[in-house]
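J.: build me a structure from this.
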Amino acid sequence: MTSPQTAQPAVTASAADAVVAVRDVHYAVGGHEIFSGLDVEVRRGRITAIMGPSGAGKTTLLRLITAQITPDRGQVSVFGCDLATLGTREIYALRKRLGMLFQNGALLTDMDVFENVAFPVREHSDLPEALIRKLVLTKLQAVGLRGAAGLTPAELSGGMARRVALARAIVMDPELLIYDEPFVGLDPISLGVILRLIKQMNQALGITSVIVSHDVQELASIADDSYLLSGGRIAASGTPQQLRSSDSPAVRQFMTGSSDGPVPFHYPAPDYATQLLGTDEP
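T.: Predicted coordinates:
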């Protein structure tokens, strides 16, 4: 018989592979409940898509994963570490293993493209200048903007700025790469290149990716796992194909982009006719 000292708890392959684990998370802002028992798992080496209507909490989930905020209840673990148990120095060390593509790009306006991409390397390493130059130019080449290295953010189109932000996010070769609406503002050619780049990085480098986006068609072409947020919980999860074949009216409405369904388009308001004919202030 196995002694209590040597007995080990069983670990499932899925749990052992989890880079991010969100367990029964509850979170509210100003009395407004955003999450009420949220469960999400991001597995190593896979592309996980987080989808949902506006206001469902997709960006809030990313803020929980990056320890910018803490849940009211439940657990968020990254690389096996419960974020609630980490101090400031440990959180900073963990963030060095992450890459983040912000929704608005968040380029530093007083630096040119080259220095924007080089910024994380200069901050977190002691690499010689010659190596930094090669590293930055390699990443800019990957997103098709090596020739724009000397431009300022003000001289870039929206799509170009997004691609520079992606080069900066991958310059440190992170283990976990987080994309917040990466496809906004991209023309069809740039979109195709970025989709292939995301897929190739996961396959070639073993990066784990989390992508928040409304672009169902694009996500379906690259995602391994998908989660649909609705009503503070996961309304559906599985492969993009499984979500497309779901019998849930809410899932079907989102995946097809229909205005008719359980997810309302209009923010709650008084009766339309009454408000138009009435004299009360809006």
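J.: packing partners for the biggest helix by length in the chain?
T.: Longest helix in the chain by number of residues (criterion: DSSP state H): helix 188-205. Counting contacts by 3 or more CB pairs under 8 Å, 6 or more residues apart in numbering; DSSP states H and E, helix 188-205 packs against strand 47-51, helix 158-170, strand 208-212, helix 216-222. Using the backbone N, CA and C atoms, a C-beta is placed for each residue, glycine as well.
J.: tell me where this structure is predicted with low confidence.
T.: Along the chain, segments meeting pLDDT under 70 span 1-16, 249-250, 252-268, 279-282.
J.: what's near enough to touch the closest residue to Glu175 other than its chain neighbours?
T.: Spatial nearest neighbour of Glu175, excluding adjacent residues (CB to CB, 6 or more residues apart in numbering): Arg97 at 4.8 Å. Applying CB atoms under 8 Å, 6 or more residues apart in numbering, we find Arg97 in contact with Phe79, Pro174, Glu175, Leu176.
J.: pick out the most distant pair among the residues you listed.
T.: Phe79 and Pro174 (11.4 Å; CB to CB).
J.: more neighbours: those two, which one.
T.: Ranked by neighbour count (other CB atoms under 10 Å), Phe79 and Pro174 place Pro174 first, with 21 against 16.
J.: is it correct that that one falls within a helix?
T.: No. Counting by DSSP: H, G, I helix; E, B strand; the rest coil, Pro174 is located in no helix; its state is coil.
J.: so which strand or helix has Leu186?
T.: Under DSSP states H and E, no helix or strand contains Leu186.
J.: so it touches Arg162, yeah?
T.: Yes. Counting by CB atoms under 8 Å, Leu186 touches Arg162, with 6.3 Å between them.
J.: which of those two has more neighbours?
T.: Arg162 (25 against 21).
J.: spit out the contact partners of the more buried one.
T.: Contacts of Arg162 (CB under 8 Å, 6+ apart): Leu101, Gly105, Pro182, Val184, Gly185, Leu186.
J.: which one of those is nearest to Arg73?
T.: So of those, ranked by how close each gets to Arg73 (CB to CB), first place is Leu101, at 29.2 Å.
J.: just checking, the closest one touches Phe183?
T.: No. Using CB under 8 Å, Leu101 makes no contact with Phe183, being 10.5 Å away.
J.: between those two, which is the more surrounded one?
T.: Ranked by neighbour count (other CB under 10 Å), Leu101 and Phe183 place Leu101 first, with 25 against 20.
J.: show me what the more buried one is bridged to.
T.: Tyr179 (DSSP bridges).
J.: against Ser226, how distant is it?
T.: 19 Å (CB to CB, to the nearest Å).
J.: repeat for Gly147
T.: From Gly147 to Ser226 the distance is 36 Å (CB to CB).
J.: repeat for Gln75
T.: Taking CB to CB, one finds Gln75 at 22 Å from Ser226.
J.: and for Gly278?
T.: Distance from Gly278 to Ser226, by CB to CB: 44 Å.
J.: which one's more surrounded, the two?
T.: Neighbour totals were compared for Gly278 and Ser226, and Ser226 leads with 24 against 11 (other CB under 10 Å).
J.: contacts only, for the more buried one.
T.: Thr48, Ala49, Ile50, Met51, Leu219, Ser237, Gly238, Thr239, Pro240, Gln242, Leu243.
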